[in-house]
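Asker: coords please:
(one chain, ligands or ions: 1)
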Amino acid sequence: AANSDLIRATLFPGDGIGPEISESVKQVFKVAEVPIEWEEHYVGTDIDPRTQSFLTWESLESVRRNKVGLKGPMATPIGKGHRSLNLTLRKELNLYANVRPCYSLPGYKTKYDDVDLITIRENTEGEYSGLEHQVVRGVVESLKIITRQASLRVAEYAFHYAKTHGRQRVSAIHKANIMQKTDGLFLKCCREVAEKYPDIVYEEVVIDNCCMMLVKNPALFDVLVMPNLYGDIISDLCAGLIGGLGLTPSCNIGEGGIALAEAVHGSAPDIAGKNLANPTALLLSSVSMLRHLDLHEKANAIQDAILNTIAEGKYRTGDLGGRATTAEFTKAICDHL
Ligand code: NAD
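Answerer: Residues are numbered from 1 along each chain as shown. Sure thing, here's the model as predicted:
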């Protein structure tokens, strides 16, 4: 029965290890008494003509109505005549920004223990506009599209995020010395937005220099905002700084305040159904979702329980060098709560 005190959120358990790690999120939310009621949707086995994809129209309507959701990994179906699942979600829900918090996990040793940054990637244009063609034999052309509207939108989100999350600095990442028109326009939009946020330090860093600074001393960065292609690369680079994709949460922000959180790893078919998957990335994504809903107390409690469990080192999944099952790791988190 619907309970009016509960917030409804859409859950796509996804494929492969998706249902196992989603179960982990459901259990942790239950123990933490998070006031959320899940509306579960699975990817269909037939193409829905209304979406031209295996994603059903009802599932997209569910996200549009709830404005908030969590997505497990989805295996890319083989065969023609359908749109990619992630592309369908991005287009249909207008998911214009991909946000990835990236921080060192205490107790899980990597080269750095002081990473604490956020990458915000423009997700709708740039080199990913799909405008490629052959001019003549042996010569091809790809168009990079940068618009004022999309650049202002993502810059606005980055500064808003910085302000509401107690962050001090926003760095715009670019190559405007070469891409004078496209990245030039992106920077111009970032500067315009920066003027409205005098309390936040704004800087511009050239992408190549940014890469060098990130691997030398990632603590130099706070919030990074960038066009699509740079964001794709830099966000994975940052995931590597803290131990890999299995630990990295992400959240997609869409038109009209939609937030769809997701783990960045895939469906891991090699370990699916074996109770071996690490649910950390999806759990930390669900924490991002709770922060978007301003449920900070619940978010902090769950995040602390996850980090303490990993730091303790008694229950860790195989990918982190431990021997715990998904269920044992999840139970340890619940015990911490
Ligand atoms: P993958 O991320 O599924 O797996 C790569 C390796 O990492 C595997 O060895 C796997 O066991 C391991 N791994 C991944 N997540 C893990 C976790 N949570 N715990 C422990 N180990 C984990 O990448 P892939 O094999 O290239 O892709 C498999 C399928 O996933 C493909 O169909 C692909 O299209 C899809 N995929 C989906 C998404 C998404 O939905 N966002 C992203 C990437 C890949």
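Asker: got a pLDDT number for the residue of the stretch 101-250 of the chain found nearest the ligand?
Answerer: Across the stretch 101-250 of the chain, the shortest distance to the ligand (C-beta to the nearest ligand atom) belongs to residue 246, at 4.3 Å. Quick note: C-beta positions are derived from backbone N, CA and C, even for glycine. pLDDT for residue 246: 82.
Asker: sec struct for it, please.
Answerer: Under DSSP: H, G, I helix; E, B strand; the rest coil, residue 246 falls in the helix class.
Asker: wait, it sits on residue 282?
Answerer: No: assessed by C-beta atoms under 8 Å, residue 246 is found out of contact with residue 282, at 9.9 Å.
Asker: Comparing the two, which residue is more hemmed in?
Answerer: Legend: neighbour count by other C-beta atoms under 10 Å for residue 246 and residue 282, higher for residue 282 (30 against 19).
Asker: still on that earlier bit, the residue of the stretch 101-250 of the chain closest to the ligand and residue 161: what is the separation?
Answerer: For residue 246, the distance to residue 161 equals 24 Å [C-beta to C-beta, to the nearest Å].
Asker: Over to residue 111?
Answerer: For residue 111 relative to residue 161 (C-beta to C-beta), the value is 27 Å.
Asker: Which one's more surrounded, the two?
Answerer: residue 161 (19 against 12).
Asker: elements contacting the helix or strand the more buried one falls within?
Answerer: Applying DSSP states H and E as the criterion places residue 161 in helix 148-164. Other helices and strands packing on helix 148-164, by 3 or more C-beta pairs under 8 Å, 6 or more residues apart in numbering; DSSP states H and E, are strand 95-103, strand 116-122, strand 169-174, helix 182-195, strand 223-226.
Asker: Residues touching the longest one, excluding its own?
Answerer: By C-beta atoms under 8 Å, 6 or more residues apart in numbering, the residues outside helix 182-195 that reach it are 122, 126, 144-148, 151-152, 155-156, 158-159, 170, 172, 174-176, 200, 202, 204, 225, 227.
Asker: let's see 7 Å
Answerer: If you take C-beta atoms under 7 Å, 6 or more residues apart in numbering as the criterion, helix 182-195 is touched by 144, 146, 148, 151-152, 155-156, 159, 172, 174-176, 202, 204, 225, 227.
Asker: What's the separation between the residue nearest the centre of the chain and residue 286?
Answerer: Nearest residue to the geometric centre of the chain (C-alpha atoms, centre = their mean): residue 250, 1.8 Å. For residue 250, the distance to residue 286 equals 11 Å [C-beta to C-beta].
Asker: before we move on, the earlier item: now, of the contacts of helix 182-195, which are buried?
Answerer: 144, 146, 151-152, 155-156, 159, 172, 174-176, 202, 204, 225, 227 (16 or more other C-beta atoms under 10 Å).
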